[in-house]
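Engineer: Need a 3D model of the sequence below.
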Amino acid sequence: MTYIQPKELKLSILDLATMYNGETATEALRNSTELVQLADRLGYTRYWFAEHHNTKFQISTSPDLLSAHAAAVTKNIRVGSGGIMLPNHSPLKVAENFSILEGLHPGRIDLGIGRAPGTDGLTALALRRSREAVTQYDFPEQLNELLSFLTHEFPAGHPFSNITASPDNELIPDIYMLGSSDGGMQFAAQKGLGFVFAAHISPRLAIPMLRAYRENFKPSRFMPEPKSILAIIVVTAETDEEAEYLAGPGLLQWTRWGTGEFKMGPPTLEEACTHVYAPAEQAVLAENRARFVIGSVENVEKQLRQLAEDAMVDEIMILNMLTEKTTRHKSYELLANAFTLSSTK
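Structural biologist: From the prediction side, this is the model:
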């Protein structure tokens, strides 16, 4: 398939609703509200909420509810899930919820689907209420059911064929598979869905998987042409030095995760600035650099454009992990100006 890189590169945002600097859950949700409204004004393409459970420092448990709220307080930006972790949910209920969202906000809803639970095994059991559901891998069946509920097109003789998720089979959001390996890519390509690769999780696989998706994509009712997005952590400021300073907490947090420390909260700027990395931590820190794009807005723009060209995508989804609301907003404003988003929306 011949791919021509579009002149304009779209930017979007991934939000984990993280509680930084001792914030309450209510404050974190208010910050997400303010950020999606800013992104809407700046011309960002879409704003997605992740799904995580049993975490002390994130309140992104329900991306469908967060999407409903975000859509209600914005005007143009697409909103959705990045993603709904389908093993935790009934495909029928997901179809019902997102059909309603599409009906309330036509043409603005995205359903990003993940294959992982987004949590630990015990919490997955509490979510699903069945040990069999936790141990049995039936994602392909779940995905088929979800797509059939949305389209009203079950195979002949299917036991669910007379169940209606929505009285209108046109209320279908744009559907994307999430991935950090080849599994999500294969589902997206074979089912004719969009594909988003988490380069912040598997940076070295991002380009080959995104290119493979385009090469193997089969058109469908959901998408006639391939639509792919690269997701990565981006920290930008007016200078490289400032960006490195602001990226400190995110780099330290990923280092802690890489050395098995999962219970500590997000580091503050002061903690990150004064932290002395042990030799083992230094190796993890060096490895984690590939998850980030850090620098002045001029340098970041060049890197993102090169990444998009190499991965054959026309959209980058950004997670920035900035702990301060002021610098978080400033980072997104700098990028919007660099990519002239407002004038191309």
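Engineer: Bridged to the residue positioned nearest the centre of the chain, which residues?
Structural biologist: Nearest to the geometric centre of the chain sits residue 82, at 3.6 Å (Cα atoms, centre = their mean). Counting by DSSP bridges, residue 82 forms beta bridges with residue 112.
Engineer: I'd guessed it sits against residue 111; true?
Structural biologist: No: with contact defined as Cβ atoms under 8 Å, residue 82 does not count as touching residue 111 (9.9 Å). Any C-beta I mention is one placed from the backbone N, CA and C, and that applies to glycine too.
Engineer: Please identify which helix or strand holds residue 283.
Structural biologist: Using DSSP states H and E, residue 283 maps to helix 279-288.
Engineer: Over to residue 183?
Structural biologist: Assigned by DSSP H and E, residue 183 falls in helix 182-191.
Engineer: Over to residue 236?
Structural biologist: Per DSSP H and E: residue 236 is located in strand 228-237.
Engineer: quick one: strands adjacent to that strand?
Structural biologist: Partners of strand 228-237 in the sheet, by DSSP bridges, are strand 194-198 (parallel), strand 292-296 (parallel), strand 315-319 (parallel).
Engineer: most neighbours per residue, which of those?
Structural biologist: strand 194-198 (a mean of 28; mean count of other Cβ atoms under 10 Å).
Engineer: any idea of the mean pLDDT in that one?
Structural biologist: For strand 194-198, mean pLDDT is 98.
Engineer: Run the chain-centre distance for that strand.
Structural biologist: Distance of strand 194-198 from its chain centroid, counting by Cα atoms, centre = their mean, to the nearest Å, is 8 Å.
Engineer: Taking helix 182-191 as reference, get the angle to it.
Structural biologist: Our comparison of strand 194-198 with helix 182-191, counting by axes from the mean of the first three to the mean of the last three Cα atoms, to 10 degrees, yields an angle of 170 degrees.
Engineer: What sits closest to residue 223 if chain neighbours are left out?
Structural biologist: Nearest-residue entry for residue 223: residue 192, 5.4 Å, with adjacent residues in sequence omitted and distances by Cβ to Cβ, 6 or more residues apart in numbering.
Engineer: and the one you found, backbone torsions?
Structural biologist: Note on residue 192: backbone dihedrals following degrees, to the nearest 10 are phi 70, psi 40.
Engineer: ok, now how distant is it from residue 174?
Structural biologist: Applying Cβ to Cβ, to the nearest Å, the value for residue 192 to residue 174 is 12 Å.
Engineer: How about residue 113?
Structural biologist: Distance, residue 113 to residue 174, using Cβ to Cβ: 11 Å.
Engineer: out of the two, which sits in the more crowded spot?
Structural biologist: Higher neighbour count among residue 113 and residue 174: residue 113, with 29 against 19, using other Cβ atoms under 10 Å.
Engineer: For that one, list the residues it contacts.
Structural biologist: For residue 113, the contact set (Cβ atoms under 8 Å, 6 or more residues apart in numbering) comprises 81, 83-84, 86, 143, 146, 175-178, 193.
Engineer: Take those residues and lay them out in a markdown table including secondary structure.
Structural biologist: Formatted as a markdown table, the contacts of residue 113 follow (DSSP: H, G, I helix; E, B strand; the rest coil):
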| residue | secondary structure |
| --- | --- |
| 81 | strand |
| 83 | strand |
| 84 | strand |
| 86 | helix |
| 143 | helix |
| 146 | helix |
| 175 | strand |
| 176 | strand |
| 177 | strand |
| 178 | strand |
| 193 | coil |
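Engineer: From the residues you listed, pick the one nearest residue 120.
Structural biologist: Using Cβ to Cβ, residue 86 comes nearest to residue 120 of the contacts of residue 113, at 17.5 Å.
Engineer: All set, thanks.
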